[in-house]
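1. Need coordinates for the below:
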Amino acid sequence: MAKPTLISGIQPTGRLHLGNYLGALKNFVELQNSGKYNCYFFIADLHALTENPNPKDLQSNIPNLGADFLAAGLNPKKSIIFVQSKVPAHYELYQVLSPLMPVSELMRMTAFKEKVLQTLKLKEGQISSKEDFEKAVEESNFGLAAYPVLMTADIILYNAKLVPVGHDQLQHLELARTLVRKFNNKFGETFIEPQPLLTNVPRLMSLDDATKKMSKSRPAGCLFLDDSPDEIREKIKRAVTDSGKEIKYDLENKPAISNLMLIYSALSEKSLKEIESKFKNKTYSEFKSELAEVVINALAPFQEAKRKLKPAAVKKVLVDGSKKASAVASKKLEEVKKKIGLLI
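-> Numbering: from 1, shown residues only. Predicted coordinates:
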């Protein structure tokens, strides 16, 4: 019996931080090494265009993310690792699917609304009416709205049955499933409806503001995978804490120390209860000091592996993987073109 195919990608929009690693990359490696799946992992550079990146930054971010993939443990002998834009079928299928998607559905996407606010550097309270939001939408770029359509193409080109996602991405995947049903109903059974492979990962918050998610847009609150030991120690030393002295996991009343405990737990494999017991009657300073060493030790193998990678070797993996992905995707696209009448 053939293994089910799964696929996922990461945007090359800057250096990866610990939240990216625990939320996606570490999980990719575990899924690959389980031997249960036919795995495709890609660098989502077309999706990154929605953020209007500096061309030079994007050009360097793509191979850097490829190096991150390999240093973390993705293996081209076990997975197909490729660059999205090197597989033209992604964009072609996106064009085919677009007429099947009502604009109103795209406008309702929670992620789109959040991106509009984020892109315009607006806060939720500044959008006080439907008219205000519509004005903000008018100023946003089309790529933000159409993101789920391209995401659908990314998935269904490879007959992917499974997509590893967090709960916050379920809405996008449901939209993909809706598009698949629409296409299959109109043109005949062609695509598999992808299913979520839910990942139970910690949602890391910013070190300098425990109410905001760890994000590349707030570098002071990020622990980047390539931060030096001194940078890690300094960032954790400065991390915000809560009132009181108790080191206790309590998201509602002690969100800052709870966030730091999640990092400790994820990297040490100690339970939150074990951490509470270990640091009972100890100070925040003592906890932070030990947390810094846990992070440094956990990232050391990744950093060492990345230092040893040669640019030419990374490029070869991405070129070879993109050729393999393109062969599969092109075959599926030909099937699609026949069904919709584009081939003579």
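
2. what ranges do the strands span in the stretch 101-250 of the chain?
-> Per DSSP state E, counting those that start in this stretch, the stretch 101-250 of the chain has strands spanning 162-165, 195-198, 205-206, 209-213. These are given in chain order.

3. so which of those is the most packed in?
-> With neighbours taken as mean count of other Cβ atoms under 10 Å, the strands of the stretch 101-250 of the chain reach their highest mean count in strand 205-206, at a mean of 24. Any C-beta I mention is one placed from the backbone N, CA and C, and that applies to glycine too.

4. coming back round to it: in TSV, list the strands of the stretch 101-250 of the chain along with distance to residue 291 and mean pLDDT.
-> Shown next, in TSV, are these (distance: least, Cβ to Cβ, whole Å; pLDDT from 0 to 100):
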stretch	distance to residue 291	mean pLDDT
strand 162-165	27	92
strand 195-198	28	91
strand 205-206	14	94
strand 209-213	15	89
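
5. Any chance of those strands in CSV with distance to residue 311 as columns?
-> Converted to CSV, these look like this (distance: least, Cβ to Cβ, whole Å):
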stretch, distance to residue 311
strand 162-165, 28
strand 195-198, 32
strand 205-206, 32
strand 209-213, 32
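
6. Minimum distance to residue 236: which of these has it?
-> For these, proximity to residue 236 was assessed by Cβ to Cβ; strand 205-206 is nearest, at 12.6 Å.

7. Tell me which residues are up against the closest one.
-> When contacts are taken as Cβ atoms under 8 Å, 6 or more residues apart in numbering, the neighbours of strand 205-206 outside the stretch itself are 211, 212, 213, 214, 215, 218, 221, 222, 255, 256, 259.

8. Show me those residues that map onto helices.
-> Within the contacts of strand 205-206, residues falling in helices by DSSP state H are 255, 256, 259.

9. If you rank those residues by neighbours, which is first?
-> residue 259 (25 neighbours; other Cβ atoms under 10 Å).

10. Could you chop this protein up by domain?
-> What the record gives for the chain is the domain set 5-202+311-340, 227-306, from automatic domain parsing.

11. how far does the first one stretch from start to finish?
-> One end of domain 5-202+311-340 sits 25 Å from the other (Cα to Cα, to the nearest Å).

12. Please compute how far it lies from its chain's middle.
-> Centre-to-centre, domain 5-202+311-340 and its host chain are 9 Å apart (Cα atoms, centre = their mean, to the nearest Å).

13. Repeat that for the shortest one.
-> A distance of 23 Å separates the centroid of the chain from that of domain 227-306, by Cα atoms, centre = their mean.
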